[in-house]
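Undergrad: Next one to model:
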Amino acid sequence: MTLVVTDPHPVDRAGEILTPEALAFVEELHLRFAGTRAELLKARARKREHVALTGRLDFLPETAEIRDADWSVAPAPAALQDRRVEMTGPAAPAKMAVNALNSGAKVWLADLEDASTPTWSNVVESILNLRDAADGTLKYTSPEGKEYALRTDAPLAVVVARPRGWHMGERHLLIGGDHTIGALVDFGLHFFHTAKRLVANGHGPYYYLPKMESHLEARLWNEIFVFAQDYVGIPQGTIRATVLIETIPAAFEMDEILFELRDHASGLNAGRWDYLFSIIKYFRDAGASFVLPDRATIAMTAPFMRAYTELLVKTCHRRGAFAMGGMAAVIPNRREPDVTAQAFEKVRADKTREANDGFDGSWVAHPDLVPVCREVFDAVLGGRPNQLDRQRPEVSVTPEQLLDIRSAQGQVTEAGLRLNLYVAVAYTAVWISGNGAVAIHNLMEDAATAEISRSQVWQQIRNRSVLADTGRTVTRELVSALLAEETEKLRAEVGEDAFAKHYLPASKLIGGLCLSEDYTDFLTTPAYELVD
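TA: Next comes the predicted model:
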């Protein structure tokens with residue numbers, strides 16, 4: 001075996017996961033599929049450059065036959081027929097994993113991507129926790145002696161794991177001295193250790209696939225699934241995947257993505273925060289007409305966001321796939337009843353809109369919000385497990401509607417600019433410390449919101465946006481000054497030790513990304529180099 005493990009003992013019991021057999025499987029995945037992945041990443045860049053010149057995307061003429069034809073994805077297995085509430089969160093530490101499984105949600109999105117910093121200890125512990133969960137043995141005892149165990153009085157949430165996106169590497173597993181592919185490490189270790197266990201439990205190896213930009217990337221995942229199922233000896237079609245439609249080019253290829261994965265497809269998800277990030281990234285240099293207003297003012301009711309979600313529901317239900325709603329970022333605070341009441345009200349309104357639009361379920365980021373989401377979907381679904389029968393034939397979405405960024409209500413303000421800088425630094429600091437899901441101002445922030453924040457700043461500098469509340473023009477000099485002020489706020493809030501170790505490096509990184517002439521595709525790529 002040519003694969004090298006730089007740290008074989010990142011956590012206790014790591015040897016149960018980093019076995020020779022599991023590592024051989026990961027190595028085989030890399031050797032078979034790394035070349036195609038590299039070509040697809042190059043194709044992303046080429047397409048982005050072309051679109052930037054024209055300011056336009058369109059449905060693919062070469063795949064019109066797929067969009068026009070009648071076909072369906074494979075019927076969902078019993079364990080995934082009802083997805084009305086999905087709890088999201090990292091798969092490590094074990095306490096959070098137990099709480100997610102016990103939350104009362106139908107599904108737990110066990111996240112190794114945006115809500116998880118890919119420290120080597122986090123990666124291996126996440127797989128260990130998911131393997132123990134598949135065995136029914138997952139538990140945790142706190143230093144104070146409080147015990148956390150899987151409930152036996154009600155069903156546990158069905159696990160749907162989310163590996164890293166195609167762009168991320170894994171520096172702790174090397175082949176020929178090069179990083180392996182984070183997505184294949186996450187998928188490979190999880191699949192190898194849990195697939196047969198999950199099938200024996202009446203479930204299966206289920207996945208959320210993030211950050212894809214084309215149906216060819218979905219085709220690669222399908223080829224990986226076919227190979228993996230043969231490798232461990234389980235029937236083809238056992239794996240099921242839900243694809244996050246969280247990039248603007250993917251919104252133009254929903255049918256094609258489902259078609260490529262049709263024997264393994266479960267549905268599509270409206271990943272709203274990454275979707276906004278993708279719009280900014282894709283059209284960052286296409287002129288002022290693509291400058292979004294302050295992040296906090298962009299509602300899902302904006303016409304261009306409505307076009308995206310309506311098309312997603314119609315596409316999914318036409319193909320027999322589930323349409324999953326997006327994240328409600330607000331979270332309750334048990335110490336502040338008014339904050340909790342406002343969170344419940346906002347989540348109820350958001351989920352009511354989704355349920356009435358035809359979504360089959362939706363995401364929440366906190367166990368206290370599970371009953372709120374369930375109540376809303378119960379009212380719409382009644383005794384049905386889903387809304388696949390709601391076809392939405394009245395929906396017709398054009399490319400112009402998907403790209404109608406000017407339809408967003410709101411302004412670019414200095415208050416919004418300051419908030420973007422504050423959130424980008426605060427989140428990045430916690431991310432490089434090892435925690436990928438962070439509560440900031442009663443909102444659950446993950447990598448997607450930090451990406452939006454720093455990308456908006458870069459775009460506003462490039463377009464010399466005028467701030468509606470102060471009249472000032474966004475320049476590098478202004479951003480540098482405001483970044484220094486927001487960083488000092490964080491120094492006062494977190495203390496000198498944490499500031500020096502994590503917040504100051506985060507501020508330098510965000511400053512470099514925002515002020516650079518060149519745009520960096522993913523914040524997490526350079527941030528990964530700052531992780532211990």
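
Undergrad: Can you tell me how far residue 122 is from residue 68?
TA: In this view, residue 122 and residue 68 are 44 Å apart by CB to CB, to the nearest Å. The C-beta positions use only the backbone N, C-alpha and C, and glycine is treated the same way.

Undergrad: and if you look at residue 161?
TA: 34 Å.

Undergrad: For this protein, give me the ranges with low pLDDT.
TA: 1 (pLDDT under 70).

Undergrad: after the longest helix belonging to it, next one along is what?
TA: In terms of residue count, the longest helix belonging to the chain (DSSP state H) is helix 20-54. Going down the chain from helix 20-54, the next helix or strand is helix 64-68, by DSSP states H and E.

Undergrad: In that following helix, which residues are buried?
TA: residue 66 (16 or more other CB atoms under 10 Å).

Undergrad: Other residues contacting the helix or strand just after that helix?
TA: The C-terminal neighbour of helix 64-68 among helices and strands, as given by DSSP H and E, is strand 85-90. Outside strand 85-90, the residues that touch it by CB atoms under 8 Å, 6 or more residues apart in numbering are 96-97, 100, 103-112, 115-116, 122, 126, 157, 160, 324, 327, 361-365, 367, 370, 373-374, 377, 436-437.

Undergrad: Name the SS class of the residue lying farthest from the centre of the chain, please.
TA: Largest separation from the mean C-alpha position in the chain: residue 471, at 35.4 Å (CA atoms, centre = their mean). Under DSSP: H, G, I helix; E, B strand; the rest coil, the three-state class of residue 471 is coil.

Undergrad: Please enumerate the strands of the stretch 151-300 of the chain.
TA: In the stretch 151-300 of the chain, strands defined by DSSP state E, counting those that start in this stretch lie at 158-162, 169-175, 178-181, 206-209, 240-244, 265-269, listed in chain order.

Undergrad: For residue 142, see how far away residue 237 is.
TA: For residue 237 relative to residue 142 (CB to CB), the value is 41 Å.

Undergrad: Does the longest helix of the chain pack against any helices or strands, and if so which?
TA: Packing partners of helix 20-54 (3 or more CB pairs under 8 Å, 6 or more residues apart in numbering; DSSP states H and E): strand 3-5, strand 169-175, strand 178-181, helix 182-200, helix 215-232, helix 272-282.

Undergrad: let's go with 6 Å and repeat that
TA: With contacts defined as 3 or more CB pairs under 6 Å, 6 or more residues apart in numbering; DSSP states H and E, helix 20-54 has these neighbours: helix 182-200, helix 215-232.

Undergrad: Could I get those in a markdown table, plus columns for mean neighbour count?
TA: Output for those, formatted as a markdown table (neighbours: other CB atoms under 10 Å):
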| stretch | mean neighbour count |
| --- | --- |
| helix 182-200 | 23 |
| helix 215-232 | 19 |
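
Undergrad: Could you dump those helices into CSV and include distance to residue 400?
TA: Putting those into CSV (distance: least, CB to CB, whole Å) gives the following:
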stretch, distance to residue 400
helix 182-200, 33
helix 215-232, 22
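
Undergrad: Just give me how far stretch 162-173 sits from the chain centre.
TA: Distance, stretch centre to chain centre, for stretch 162-173: 13 Å (CA atoms, centre = their mean, to the nearest Å).

Undergrad: what sits up against that stretch?
TA: Outside of stretch 162-173, the residues within contact range by CB atoms under 6 Å, 6 or more residues apart in numbering are 6-7, 37, 109, 111-113, 120, 179-180, 182-183, 185-187, 208, 210-211, 522.

Undergrad: go with 7 Å
TA: With CB atoms under 7 Å, 6 or more residues apart in numbering as the test, stretch 162-173 has contacts from 3, 5-7, 26, 37, 40-41, 109-113, 118, 120, 179-183, 185-187, 207-208, 210-211, 217, 521-522, 524-525.

Undergrad: Ends of that stretch, what's the gap?
TA: 19 Å (CA to CA, to the nearest Å).

Undergrad: follow-up on the earlier one: report the angle between the axes of the longest helix of the chain and strand 169-175?
TA: Helix 20-54 and strand 169-175 are oriented at 130 degrees to each other (axes from the mean of the first three to the mean of the last three CA atoms, to 10 degrees).
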